[in-house]
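>>> here is my input; please provide its structure:
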Amino acid sequence: MNQDLKEQALSYHGALPSRIVEYLENRGISAQISTKYLIGWNGRAITIPIFNQAGEMSFFKYRQDPADTSDKSKYWCDEGSSPELYGWEHI
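The predicted structure is shown next:
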């Protein structure tokens, strides 16, 4: 696993504000799941680490701040990322 990405994911996870934790829980994503998958917050978006078929962290997907009501895209990913099937570990 890319150690830099792992450290970044841990940092983002530690920065989850309570309002985002509440938002996730209201969407069925418990604190336990957020911790297991290192869902986090980078100060402007929810961060979702994406792992490749080998189980290595490849990049982040982002979900716009739920309080942001602008017309910009709600979801995006890191530039240069390639498509990955989320949940490879379950196949």
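
>>> and the helices in this structure?
Under the criterion DSSP state H, helices of the chain are mapped to 3-14, 18-26, 31-36.

>>> which elements pack onto the longest one?
Taking 3 or more C-beta pairs under 8 Å, 6 or more residues apart in numbering; DSSP states H and E as contact, the helices and strands that helix 3-14 lies on are strand 40-41, strand 45-51, strand 57-64. Yep, even glycine has a C-beta here, placed from its N, CA and C like the rest.

>>> run the chain-centre distance for that helix.
Distance of helix 3-14 from the chain centroid (C-alpha atoms, centre = their mean, to the nearest Å) equals 10 Å.

>>> now it against strand 45-51, angle please.
Computed by axes from the mean of the first three to the mean of the last three C-alpha atoms, to 10 degrees, the angle separating helix 3-14 from strand 45-51 equals 140 degrees.

>>> and the contacts of helix 3-14?
Contact with helix 3-14 is made by 34-35, 38-42, 47, 49, 57-60, as judged by C-beta atoms under 8 Å, 6 or more residues apart in numbering.
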